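Enquirer: just a sequence and a predicted model for now, questions to come.
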Amino acid sequence: MSENAPAHHIAHSREERHPLAKAPVTAPPNTVDGFVKQFLDNLNFGQGVALSASGVNDQYLALARTVRDYLMARWLETVRRQLVSQAKGVCYLSAEYLLGRQLGNSLLATGLEDVAAEALAECGIDIADLRAQEVEPGLGNGGLGRLAACFIDSLATMSVPSIGYGIRYEYGIFRQTFEDGQQVEKPDRWLSMGSPWEFPHPEAAQTISFGGRTEQYDDDGVTRTRWIPDWDVLAIPYNYMVPGYLNGRVNTLRLWSAQATKAFDLRIFNAGDYAEAVRAQTFAENISKVLYPEDSTPQGKELRLQQQYFFAAASIADFLDVVLPPDYDLTKLPDRAIFQLNDTHPVIAVPELMRQLVDVRGLEWEQAWEITQGCFAYTCHTLLPEALEVWSVDLLGRLLPRHLEIIYRINEEFLAAVRERYGDDELRVRNMSIIGEHPERSVRMAHLATVASVKVNGVAELHSQLLREKVLHDFHEFYPGKFTNVTNGITPRRFLRLANKSLSELITDALGPGWVTDLDRLRELETYAEDPEFRERFAEVKASNKRRLNRVLLERDGLEVDDTHMLDVMVKRLHEYKRQMLKLLHIVTLYDGIVSGRVPISEVTPRTFIFGAKAAPGYRIAKDIIHLINKVGSVVNADPAVEGRLKVLFPPNYNVTLAERIIPAADLSEQISLAGKEASGTGNMKFALNGALTIGTDDGANVEIRQLVGDDHFFLFGMTEPEVEELAAKGYVPSDFYRADPNLRSAIDLIASGAFSGGDRSVFEPVISNLLYNDRFMVLADYAAYIAAQERVDAAYADADTWTRSAILNVARCGFFSSDRSMRDYIDRIWHTPPSF
Ligand code: 26V
């Protein structure tokens, strides 16, 4: 596998010239003194400041470099061994990696947490202040990007040969701020304070071409095609360490950054208008400038397709040119590499590999296609039809003319096989075609991915079933055995061991330390759930996590969390299908009950509601919902009639760092999507593993969570997926529900009356009319069941000790959701890439 340097391009003799160069790279001494020395060296020689003159950022950068130094020997050794062994490895292709902060994870992986804290204390520095200085790389939107980050963590921890490929966006997901309760997006300048975790390798750049035309030529009697592109950019690899947990292995994440090629420089040189010419350079560099913040409705933007091809082509070329030895027999490629497609974003890698094999390396089409079909696997992450990517043939043909030809040929041969099987069932042919005709002629990337892949998987049992039965039904019939499920997972290193240190210590006290890499061992906690003393300690852990969250939110946003309240949390992207509106209707119903006098205040369970959610900047209704949540919060929090028993908090800019603080403090996890819409969810797993109870629908991985933890420890409500289908078939009429339920009517009327918008009825009119006339996600249909389930929650919470027992059982029974298990499933059933050392 490829790692930090372009391996066999290194002249090995050079290394042997000086005796010191022959010695293996070693880590600094693993002692407090050793750490202090390394830290001061990095501060002095790396940052160019004396300790006495250094600021927090200097100190953070020096600390980051120091931890990096401890990982370096292992990284170089991992690279070396992978090159020598040439074992089959995974190339994980993902347009997003939502990594979270690196420092804490690196300290954990090296076992240096205590040494580092002590060393810094000796320098008069509180390590917590330095950790707080790190800006997380937010190179993803939500679940899909975070999943990629969990997976590469598990692959490193399980010693699987692998490399992650992606894009080094200069601006990650926008920073969310609120102005008068409305979302305002600010650029995320995550690189501006320095980037100690990355290693650029401009010498290993790939040239990526675009545009132009193709032509045929005669090659010794064989007609071949060549692509004559008309512009290109350089893809510069930036390597990041992916340390395994205490196993001495460090894998690589390689993110590509766009840079103008010489051709652009030449244009600048030749152009009369120098300033204009420099601007042309930024055109090339735009490609990796910014992460698209839409996470479910692809916009068909040209720049987005450029991004996809840019990183897919660079990654394929990197693997073929740099990782494989020079005379590698490409017919063996399927035994050497599997390219995992994280959704359709990298699928253009399929025709790119074909182009490389046929046009560049001269293989026959049939042979190339056989190789290609052995090298890809595809994970689908959605069920929403509008989220399935398509690219207009017009655009694709303009940007990548050769790839369009290749796609057409793949489709032609595929449809011939379909016709051979089914006769001239033209309806079926039209439905399965890689090319769609309406509303315009376009390439269906999910179809291309399915045709090209060894396996296609969904991300939870229900999701995979719906893929087989609905979304990709004809393909399942055509390729029985190609479809499979791999239920998502989360890394217990970041989301339990790092994020919830006190719970981790409690678990380690009970079970010993091995559980972090063997999460099924949490089962052994079941007996501890019956031990009153353990329950008391567990409850104290939860309370201390609430106090910690209070400190964080107070400092970050001036918000207060009352540690005597039930903490009821809904954190995830804002999307109608996830139904933040249902949660909000619950809150408004409680408030309405209090102010109308229908519910005595003494009967209201004290609850703090926390929301965290970003809306895609162009998603109107989602932004209106954010506005409404904030406005309801201002009114409820300020109303003396509530007596502080209900609080609604919406800290802005929810991200991985904040998740690590919120999730361990939560009592109740809100997983309330319309059944059949959430592919899996992974936040649901994080909460359950941290001892929150779930209130949820039968959707995504909620289904599996409930099966594992048991019905007594999960608050299930709402329509099932077949019931949703049934209601949709018969016609969902929201006003029927509105009229039939006085509580619902009253809550909606309260919002519509302007009670949360200073009397202005127009502000939230779009949200209300959406609910009443235009809601694809049937919020009102599940309202009554949701309210009833929340009443069960209140009743259960009233018995604190029994609640704690349920919380412990949630932890004990969620070991299945370790991403180590997900990786094992991929390895055994899709990749066939065993651990190597
Ligand atoms: C789509 C697009 C469209 C174009 C612009 C950028 C962009 C970025 C991402 C996406 C796909 C979003 C799909 C996604 O995130 N799915 C989520 O995947 C999680 C991991 O499998 C899963 O837990 C969630 O249920 C699913 O919604």
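Expert: Received, thanks.

Enquirer: tell me how far stretch 468-487 lies from the chain's centre.
Expert: 24 Å (C-alpha atoms, centre = their mean, to the nearest Å).

Enquirer: er, stretch 827-837 I mean
Expert: Chain-centre distance of stretch 827-837: 22 Å, with C-alpha atoms, centre = their mean.

Enquirer: ends of it, what's the gap?
Expert: Using C-alpha to C-alpha, to the nearest Å, the end-to-end distance of stretch 827-837 comes out at 15 Å.

Enquirer: mind listing what's buried along that stretch?
Expert: For stretch 827-837, burial by neighbour count (16 or more other C-beta atoms under 10 Å) applies to 827, 830-831, 833, 835-836. C-beta: built from backbone N, CA, C; applies to glycine.

Enquirer: nearest to A156, of those residues?
Expert: Checking the buried residues of stretch 827-837 against A156 with C-beta to C-beta, the nearest one is P835 at 10.8 Å.

Enquirer: look up how far the ligand lies from the closest one.
Expert: Relative to the ligand, P835 is positioned 24 Å away (C-beta to the nearest ligand atom, to the nearest Å).

Enquirer: now that residue, what's its secondary structure?
Expert: With DSSP: H, G, I helix; E, B strand; the rest coil as the basis, P835 sits in coil.

Enquirer: what pLDDT does it get?
Expert: What the model reports as pLDDT for P835 is 91.

Enquirer: next, the residue nearest to it when sequence neighbours are not counted: secondary structure please.
Expert: In space, and not counting its chain neighbours, P835 is closest to S159: 4.3 Å by C-beta to C-beta, 6 or more residues apart in numbering. Three-state assignment for S159 (three-state DSSP): coil.

Enquirer: may I have the phi/psi pair for S159?
Expert: phi 60, psi 40 (degrees, to the nearest 10).

Enquirer: so what's it up against?
Expert: 244, 247, 249, 835-837 (C-beta atoms under 8 Å, 6 or more residues apart in numbering).

Enquirer: of all the residues you listed, which comes closest to S673?
Expert: Checking the contacts of S159 against S673 by C-beta to C-beta gives G244 as the nearest, at 33.6 Å.

Enquirer: pull the number of nearby residues for the closest residue in space to the closest one that isn't next to it in sequence.
Expert: Setting aside the residues directly before and after it, G244 is nearest to A156 in space (C-beta to C-beta, 6+ apart), at 3.8 Å. Here the number of neighbours of A156 (other C-beta atoms under 10 Å) works out to 26.

Enquirer: can you give me the offset of the host helix or strand of A156 from its chain's centre?
Expert: Using DSSP states H and E, A156 maps to helix 143-157. Between the centre of helix 143-157 and the centre of its host chain there is 8 Å, according to C-alpha atoms, centre = their mean.

Enquirer: so which elements touch that helix?
Expert: Contacts defined by 3 or more C-beta pairs under 8 Å, 6 or more residues apart in numbering; DSSP states H and E place helix 143-157 against strand 89-93, strand 97-98, strand 162-167, strand 231-243, strand 250-260, strand 337-342, helix 819-826.

Enquirer: and the ligand, is it touching that?
Expert: Yes. Applying C-beta under 6 Å from any ligand atom, one finds helix 143-157 touching the ligand at 143-144, 147.

Enquirer: please enumerate the strands of the stretch 551-700 of the chain.
Expert: Counting by DSSP state E, counting those that start in this stretch, the stretch 551-700 of the chain has these strands, from start to end: 566-571, 607-612, 646-649, 668-671, 693-696.

Enquirer: out of those, which gets nearest to the ligand?
Expert: The ligand lies closest, by C-beta to the nearest ligand atom, to one member of these: strand 668-671, at 10.2 Å.

Enquirer: could you verify that V443 is part of a strand?
Expert: Yes. Using three-state DSSP, the assignment for V443 is a strand.

Enquirer: renumber starting at 43 from here on
Expert: Sure, I'll start counting at 43 from here, so that last one is V485.

Enquirer: surely it and S475 touch.
Expert: No. Between V485 and S475 there is no contact under C-beta atoms under 8 Å: 9.9 Å.

Enquirer: compare those two (neighbour count), which wins?
Expert: Shown here are V485 and S475; by other C-beta under 10 Å, V485 has more neighbours (26 against 17).

Enquirer: can you pull the contacts of the more buried one?
Expert: Residues in contact with V485 (C-beta under 8 Å, 6+ apart) are 432-435, 438, 446, 449, 476-478.

Enquirer: just the ones in strands from those, please.
Expert: Using DSSP state E, the members of the contacts of V485 that fall in strands are 432-434, 477-478.
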